[in-house]
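**Q** can't give you the sequence, but here's the structure:
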């Protein structure tokens, strides 16, 4: 059965998609596969204006009647790759492409219509096609597209994924490529790439993916950590639950979770095993208080941001590594204060976010875009930094008395006195009060004793000088603090909720990122208007923040 030109291979193998197609892993499931013959255009089934020569199709005249087909059905996930060899400028519209479940051998070429869209696509359940955006129809551009098991067609241009093209393809039947050389598109060429096991004879020479060296971490210092058995529908996990692999031809919903929550002070280390440059988008990292055992895999979304709409607590950081490379070692530290730090290949640490240090958080990843295989190397407990913490406390304690002096007073007379009582702070008419939070700061003018004060009149000159000298010394009650108090009031005003004007700002509005309200008011706004009070962008979530 099948084409006699195709070679069959059996064994327990799995696939890793590389730049030119899928390569074999030494782990996986057992299956039978065949090597497909090179894809070419069907030699006889095409429109009147098309001339076919193997893998090249040319429209000879006019701007339509350029429909042609592949000479064999393609597999689910197999890329149909086309080079736009010649693109004109004297017409409008460009290439249309897609699939058909109707065997071209059974199609009468003389009955083909002028256009694939909408003439063929209006035939329900047999033809699926759509026009390439004209801005992407550049001469020499490489177009690649495929259908997945769900009937979704994705495409890329020059190795940059453009995402979902259209849906609804019937994948229960064989699919032949359908191409309409329309408008400004004049000549197209099928590019022969290694698709699904296109070079089986070279598989035995492929280096096993599990042999990737670990360069930046010591295995002796890592304690085992396994992936949780719960996963996204497009993720597979090896028997030892250390390696995760995304299903071929898919680009998302490949979630994997740690087998247990990450404890305070632990550093999780993972390694990127393989990538596929044909897809764009980086690795997604996140934390959740939801036990993965309680998750229904069918409820996990294709867009990780939709996890924020679930009832549990989720934190999502897309593209934590925008352009990963095979062999990259990524570490994620949850500190005892709830600070989550990220490090790549032993480089500098960066703070990603802050969480409640007392809560249990599972780490999860979505092998999205170009990331297609991930290995959990283990967890590491870093050396305690008691010395640095102590030095930081000393530094902070030494910096406390160094308050800026914003009032410059002339040196008072040097008087030696043992007067025990400190006279009241001088005032023009009334005892001084701390400026209200909404008032501008008072001018830096030193207070002067009032002649109308009977208590001040009763003081001797020496005593008055002594009082002034003591009053403007760096004591907690001195008037040098009047401007600093005003500045502190302004800082408090900037940090207070812009809705209730009572509580401090302690949350961030997602996705716009504004910090302007307290958590309670943020939830009230989200449940009512749903718009950020600053930029009026729709509020997706309100995330509590913690100050250190």
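**A** Noted; the coordinates are in hand. Since the model is a prediction, treat every value here as computed from it, not as a measurement.

**Q** three-state assignment of residue 45?
**A** Here residue 45 is strand, with the state taken from DSSP: H, G, I helix; E, B strand; the rest coil.

**Q** my read: it touches residue 105, true?
**A** Yes - the criterion here is C-beta atoms under 8 Å, and residue 45 meets it with residue 105 at 7.1 Å. In this view, the C-beta of every residue, glycine as well, is placed from N, C-alpha and C.

**Q** got any ranges where the stretch 301-450 of the chain has weak pLDDT?
**A** 382-450 (pLDDT under 70).

**Q** Can you give me the neighbour number for residue 55?
**A** Residue 55 has 17 neighbours, counted by other C-beta atoms under 10 Å.

**Q** Report pLDDT for it.
**A** Residue 55 carries a pLDDT score of 93 in this model.

**Q** Distance check, it against residue 39.
**A** Counting by C-beta to C-beta, to the nearest Å, the gap from residue 55 to residue 39 is 8 Å.

**Q** Now the common contact residues for those two.
**A** 190, 192 (C-beta atoms under 8 Å, 6 or more residues apart in numbering).

**Q** picking that back up, more crowded one of residue 45 and residue 105?
**A** Shown here are residue 45 and residue 105; by other C-beta under 10 Å, residue 45 has more neighbours (22 against 11).

**Q** show me the contacts for the nearest residue to the more buried one once chain neighbours are set aside.
**A** Computed as C-beta to C-beta, 6 or more residues apart in numbering, the closest residue to residue 45 that is not its neighbour in sequence is residue 104, at 3.8 Å. Contact analysis of residue 104 by C-beta under 8 Å, 6+ apart lists 42, 45, 69-71, 176.

**Q** what are the phi and psi angles of residue 104?
**A** Note on residue 104: backbone dihedrals following degrees, to the nearest 10 are phi -60, psi -20.

**Q** so what's residue 530 closest to, chain neighbours aside?
**A** Of all residues not flanking residue 530 in the chain, residue 539 sits nearest, at 5.4 Å (C-beta to C-beta, 6+ apart).

**Q** picking up where we left off before, next one: the residue nearest to residue 45 relative to residue 70, how far apart?
**A** In this view, residue 104 and residue 70 are 8 Å apart by C-beta to C-beta.

**Q** shared neighbours, those two?
**A** Counting by C-beta under 8 Å, 6+ apart, the residues touching both residue 104 and residue 70 are 42, 176.

**Q** circling back to that earlier point, most neighbours among the contacts of residue 104, please name it.
**A** Ranking the contacts of residue 104 using other C-beta under 10 Å puts residue 69 first, with 25 neighbours.

**Q** does that one really touch residue 175, like I thought?
**A** No - judged on C-beta under 8 Å, residue 69 makes no contact with residue 175 at a distance of 10.7 Å.

**Q** Can you work out which residues contact both of these two?
**A** In contact with both residue 69 and residue 175: residue 100, using C-beta under 8 Å, 6+ apart.

**Q** ok, back up a step: quick one: pLDDT of the residue nearest to residue 45?
**A** 96.

**Q** swap in residue 98?
**A** As predicted, residue 98 sits at a pLDDT of 97.

**Q** Look up the residues forming beta bridges with it.
**A** residue 129, residue 178 (DSSP bridges).

**Q** residue contacts, residue 102?
**A** Residue 102 is in contact with 126-127, 176, counting by C-beta under 8 Å, 6+ apart.

**Q** Check residue 136 too.
**A** Neighbour list for residue 136: 143, 157, 162 [criterion: C-beta under 8 Å, 6+ apart].

**Q** Which members of those occur in strands, if any?
**A** Judged by DSSP state E, the contacts of residue 136 include 143, 157, 162 as members of strands.

**Q** so how far is residue 184 from residue 517?
**A** The gap separating residue 517 from residue 184 is 53 Å, by C-beta to C-beta.

**Q** got a pLDDT number for residue 241?
**A** 87.

**Q** Near it, how many other residues are there?
**A** Neighbour count for residue 241, taken as other C-beta under 10 Å: 16.

**Q** Mind giving me the packing neighbours of the helix or strand hosting residue 269?
**A** Assessed by DSSP states H and E, residue 269 sits inside strand 267-275. On a contact count with 3 or more C-beta pairs under 8 Å, 6 or more residues apart in numbering; DSSP states H and E, strand 267-275 meets strand 7-17, strand 329-334, strand 371-380.

**Q** And the second one, what does it pack against?
**A** Helices and strands touching strand 329-334, as assessed by 3+ C-beta pairs under 8 Å, 6+ apart, comprise strand 267-275, strand 339-344.

**Q** who wins for proximity to residue 258 among those?
**A** Shortest distance between residue 258 and the helices and strands packed on strand 329-334, using C-beta to C-beta, is found for strand 267-275: 6.7 Å.

**Q** Which residues outside the helix or strand immediately after that closest one in the chain are in contact with it?
**A** Using DSSP H and E, the next helix or strand after strand 267-275 towards the C-terminus is strand 283-288. The contact list for strand 283-288 (C-beta under 8 Å, 6+ apart) reads 257, 262, 272, 304, 307, 312-321, 324, 330, 332, 340, 342, 352-353, 355, 361-369, 371, 374.

**Q** And stretch 110-125, by the same measure?
**A** If you take C-beta under 8 Å, 6+ apart as the criterion, stretch 110-125 is touched by 46-48, 64-65, 67, 96, 98, 100-101, 126-131, 170, 178, 180, 182.

**Q** For that stretch, buried residues please.
**A** Judged by neighbour count using 16 or more other C-beta atoms under 10 Å, the buried positions of stretch 110-125 are 112, 114-117, 120-121.

**Q** In helices, which of these fall?
**A** Cross-referencing the buried residues of stretch 110-125 against helices under DSSP state H gives no overlap.

**Q** Break down this structure into its helices, ranges please.
**A** According to DSSP H, the helices that the chain contains are 386-399, 454-457, 461-471, 481-495, 519-527.

**Q** Which neighbouring elements make contact with the last one?
**A** This means helix 519-527. Helices and strands touching helix 519-527, by 3+ C-beta pairs under 8 Å, 6+ apart, are strand 507-510, strand 541-544.

**Q** Turn those into a markdown table, including mean neighbour count and mean pLDDT.
**A** Shown next, in a markdown table, are these (neighbours: other C-beta atoms under 10 Å; pLDDT from 0 to 100):
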| stretch | mean neighbour count | mean pLDDT |
| --- | --- | --- |
| strand 507-510 | 22 | 89 |
| strand 541-544 | 18 | 90 |
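
**Q** Residue 242: which of those is closest?
**A** Closest of those to residue 242 is strand 541-544, at 31.8 Å (criterion: C-beta to C-beta).

**Q** ok, the closest one: who's next to it in the sheet?
**A** strand 507-510 (antiparallel).

**Q** Could you single out the nearest of the contacts of residue 104 to residue 80?
**A** residue 70 (7.1 Å).

**Q** The closest one is in contact with residue 145, isn't it?
**A** No - between residue 70 and residue 145 there is no contact under C-beta under 8 Å: 11.9 Å.

**Q** so can I have a markdown table of the contacts of residue 102 showing pLDDT and distance to residue 85?
**A** Formatted as a markdown table, the contacts of residue 102 follow (pLDDT from 0 to 100; distance: C-beta to C-beta, whole Å):
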| residue | pLDDT | distance to residue 85 |
| --- | --- | --- |
| 126 | 95 | 29 |
| 127 | 97 | 24 |
| 176 | 97 | 21 |
